[in-house]
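build me a model:
(chains A, B, C and D)
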Protein chains: 2
Amino acid sequence: MHLLAGMVASMCSHSRRTTARTGRPRSAEADAAILDATRAALVELGWSKLTLGDVASRAGVAKTTVYRRWSGKSELVVDAVAELFDELELPDRGSLAADIEGVVLQFAALLERPEARTALMAVVAESTTDEPLRERIRVSIVERQKRLVLEGRARAQARGELPEETDPAAAARTADLIFDVIAGAVVHRALVSCEPVDEDWVRRFTAVLLGGLGSAES
Amino acid sequence: MHLLAGMVASMCSHSRRTTARTGRPRSAEADAAILDATRAALVELGWSKLTLGDVASRAGVAKTTVYRRWSGKSELVVDAVAELFDELELPDRGSLAADIEGVVLQFAALLERPEARTALMAVVAESTTDEPLRERIRVSIVERQKRLVLEGRARAQARGELPEETDPAAAARTADLIFDVIAGAVVHRALVSCEPVDEDWVRRFTAVLLGGLGSAES
DNA sequence: CCAGTTACGCTACGACTCGTAGCGAAAGCG
DNA sequence: CGCTTTCGCTACGAGTCGTAGCGTAACTGG
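Residues are numbered from 1 along each chain as shown, chains lettered A, B, ... in the order given. As a prediction, this is how the structure comes out:
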């Protein structure tokens, strides 16, 4: 939602500030239609069979219009799925364990959606040989979700569940570590092992994360 | 190495047991050359620009020969990278923490290789819309590596570092959980966050895994 | 040794996607 | 009203796909 608005605004302020402010403006409806069509095509066709020509016809625009705004399939799909991630929130459930379980279940629900499943791994795979794409993913998706970890830790510290950090650099490293552990475990469970991220799994995962391997029972 | 032999043997015992035992046998050199060429092409071109025609010329065989053995790009790449995973081992380093750190560093080294980086995520992405491929990945790669977790746990139990399991079903669930946490965290760190899996990170990760979030310091 | 069977290399093919170029029309701005 | 940019449309060369057909090579059973 506001990601699109922000993106368009930044694109405009970037391209029109430098060269042009006159002429016919780009259609915002076309942007939304293209991104919607991209998600619909991902659901029906999956990443590999998705073509920009198909996206264009679904969106009711010409193929050239798509190419004017996105340099290729990867960039388009990153923007299309990045919007999905903004739905994640961290409702206060009263304890660190409950907060983690809540956000993990949300993340799992997101990974149930076929457009997210097929697109996420594909764009990361592409990014291994495409540095600009890697940066785009980092900014649009990865960094954007670290807020959840930071917020959860701040809450837990306020509750006295976690100690206050002294060294800010070490605190940042730990936040990155926890982010990789949580997101990585859920993604691996859902997309690689292909088994359900249900409440039972989430409870056991949270127990390990908070108490270590010894508390893996139950 | 012996994966190839096993694969060829199973293919032969499957197709020749049913229909044919006569005629010109398939060239084992061609199999090896094709898989080597696939890995080389992955390094140079990455997943998306890799074509089976290119693989065929690199391997010195005809394109039709490749298609006779593999139904498509995904299947070929799965077999090509599955061989890499057989190099992983679990040397006994004396303690559970040291064992984990050792295998994680090995896994990280594997993910440094460009052919593994670009292929792993790509085939998983493809598998989201291709059930036979999903099964092939599960058998050739995922299940194959769970042995490391089982072996590490058995060693830790022998050392008295972990309690003996009573319920075998719960033990299996826990092993799956730990596998997803370890593999997921390392993959996410290396391929999504794109930051190094160095000794410092591995030490802090192992501390969290064994002792829980409270022991994330140092 | 020879017929039968299968794999191999090679060539060619229609179907498809890619990304771009050129055109006239539409939509805002000064 | 001119100027500028975007839009939809069509068409294009390049490249890939997966398959088919052919003659030849390799191995087996009679």
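
residue in chain A with the shortest distance to DNA strand D?
A:G23 (2.1 Å; Cβ to the nearest atom of the strand). Glycine gets a C-beta too; all of them are placed from N, C-alpha and C.

and the gap between that residue and B:A37?
To B:A37, A:G23 is 50 Å away according to Cβ to Cβ, to the nearest Å.

what's the answer for A:R155, then?
Distance from A:R155 to B:A37, by Cβ to Cβ: 53 Å.

what about the closest residue to A:L148 other than its chain neighbours, how many residues nearby?
Closest residue to A:L148 in three dimensions, ignoring its sequence neighbours and counting by Cβ to Cβ, 6 or more residues apart in numbering or on different chains: A:L90, at 5.1 Å. Applying other Cβ atoms under 10 Å in any protein chain shown, we find 17 residues neighbouring A:L90.

would you map out the domains in chain A?
For chain A, automatic domain parsing gives the domain ranges A:26-69, A:83-215.

could you check the angle helix B:28-49 makes with whichever helix in chain A runs longest?
With secondary structure taken from DSSP state H, chain A has its longest helix at helix A:28-49. Helix A:28-49 and helix B:28-49 are oriented at 180 degrees to each other (axes from the mean of the first three to the mean of the last three Cα atoms, to 10 degrees).

elements contacting helix A:28-49?
Contacts defined by 3 or more Cβ pairs under 8 Å, 6 or more residues apart in numbering or on different chains; DSSP states H and E place helix A:28-49 against helix A:2-18, helix A:52-59, helix A:63-69, helix A:73-85, helix A:114-127, helix B:114-127.

make TSV out of these and add mean pLDDT.
TSV is the format used below for those (pLDDT from 0 to 100):
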stretch	mean pLDDT
helix A:2-18	41
helix A:52-59	96
helix A:63-69	96
helix A:73-85	97
helix A:114-127	97
helix B:114-127	97
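
reformat these as TSV; add distance to DNA strand D and mean neighbour count.
Converted to TSV, those look like this (distance: least, Cβ to the nearest atom of the strand, whole Å; neighbours: other Cβ atoms under 10 Å in any protein chain shown):
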stretch	distance to DNA strand D	mean neighbour count
helix A:2-18	7	12
helix A:52-59	8	18
helix A:63-69	4	14
helix A:73-85	14	21
helix A:114-127	16	25
helix B:114-127	11	25
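
quick one: low-confidence ranges for chain A?
For chain A, applying pLDDT under 70 flags the ranges A:1-20, A:216-218.

which bits of it sit near DNA strand C?
Contacts of chain A with DNA strand C, taken as Cβ under 7 Å from any atom of the strand, map to A:21-25, A:51-54, A:63-64, A:67, A:72-73.

A:L133: neighbouring residues, count only.
So A:L133, with other Cβ under 10 Å, has 20 neighbours.

where does it sit, in terms of helix or strand?
Per DSSP states H and E, A:L133 falls inside helix A:131-137.

so which elements touch that helix?
Using 3+ Cβ pairs under 8 Å, 6+ apart: helix A:131-137 touches helix A:73-85, helix A:114-127.

tell me which residues in that helix are buried?
Neighbour-count burial for helix A:131-137, with 16 or more other Cβ atoms under 10 Å in any protein chain shown as criterion, is recorded at A:L133, A:R134, A:R136, A:I137.

quick one, what contacts the first one?
When you say that, I think you mean A:L133. Residues in contact with A:L133 (Cβ atoms under 8 Å, 6 or more residues apart in numbering or on different chains) are A:S74, A:E75, A:V78, A:V123, A:E126, A:S127.

roughly how far apart are it and A:S95?
For A:L133 relative to A:S95 (Cβ to Cβ), the value is 39 Å.

show me which of A:G23 and B:A37 is the more surrounded one.
Ranked by neighbour count (other Cβ under 10 Å), A:G23 and B:A37 place B:A37 first, with 21 against 7.

quick one on the thing from earlier: and the helices and strands packed on helix A:28-49 as CSV, adding distance to A:T174?
Formatted as CSV, these follow (distance: least, Cβ to Cβ, whole Å):
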stretch, distance to A:T174
helix A:2-18, 28
helix A:52-59, 41
helix A:63-69, 39
helix A:73-85, 22
helix A:114-127, 24
helix B:114-127, 26
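
surely A:A183 meets B:H188?
Yes. When contacts are counted by Cβ atoms under 8 Å, A:A183 is listed as touching B:H188 (5.5 Å).

what about A:A169, how many residues nearby?
8.

can you pull the phi and psi angles for it?
Recorded main-chain torsions at A:A169 are phi -70, psi -40, according to degrees, to the nearest 10.

and the gap between it and A:D176?
Plainly put, A:A169 is 11 Å away from A:D176 if you go by Cβ to Cβ.

kindly report the same for A:I34.
33 Å.

could you check which helix or strand contains the residue nearest to A:A108 when sequence neighbours are not counted?
Sequence neighbours aside, A:V197 is the residue nearest to A:A108 in space, at 3.5 Å (criterion: Cβ to Cβ, 6+ apart). Assigned by DSSP H and E, A:V197 belongs to no helix or strand.

settle this for me: A:V197 is touching A:R189, isn't it.
Yes. In terms of Cβ under 8 Å, A:V197 counts as a neighbour of A:R189; the distance is 5.5 Å.

between the two, who's got more neighbours?
Using other Cβ under 10 Å, the more surrounded residue of A:V197 and A:R189 is A:R189, with 26 against 22.

thinking that one is in contact with A:D198, fair?
No. When contacts are counted by Cβ under 8 Å, A:R189 is not listed as touching A:D198 (10.0 Å).

tell me the buried residues in stretch A:40-49?
A:A40, A:A41, A:L42, A:V43, A:G46, A:W47, A:S48.

chain B versus the first one, what's the distance?
Per Cβ to the nearest Cβ, to the nearest Å, A:A40 is found 14 Å from chain B.

how about the residues of chain A near DNA strand D?
Counting by Cβ under 7 Å from any atom of the strand, the residues of chain A that sit close to DNA strand D are A:15, A:19-20, A:22-27, A:30, A:60-65, A:68-69.

can we see that at 10 Å?
Listed as neighbours of DNA strand D in chain A under the rule Cβ under 10 Å from any atom of the strand: A:11-12, A:15-16, A:19-31, A:33-34, A:48, A:53, A:56-57, A:59-69.

what's the helix or strand hosting A:L110 packed up against?
For A:L110, the host element (DSSP H and E) is helix A:96-112. Secondary-structure packing of helix A:96-112 (3+ Cβ pairs under 8 Å, 6+ apart): helix A:114-127, helix A:143-159, helix A:168-187, helix A:199-211.

can I get it in CSV? Just the C-alpha atoms.
Provided in CSV are the C-alpha atoms of helix A:96-112 (Å, rounded to 0.1, in the frame of the first residue of the first chain):
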residue,chain,number,x,y,z
LEU,A,96,8.6,-12.5,24.7
ALA,A,97,7.7,-16.1,24.0
ALA,A,98,4.2,-15.2,23.0
ASP,A,99,5.4,-12.3,20.9
ILE,A,100,7.8,-14.6,19.0
GLU,A,101,5.1,-17.2,18.5
GLY,A,102,2.7,-14.6,17.1
VAL,A,103,5.1,-13.1,14.6
VAL,A,104,6.3,-16.5,13.5
LEU,A,105,2.8,-17.7,12.8
GLN,A,106,2.2,-14.5,10.8
PHE,A,107,5.3,-15.1,8.8
ALA,A,108,4.3,-18.7,8.2
ALA,A,109,0.9,-17.6,6.9
LEU,A,110,2.7,-15.3,4.5
LEU,A,111,4.8,-18.2,3.3
GLU,A,112,1.7,-20.3,2.7
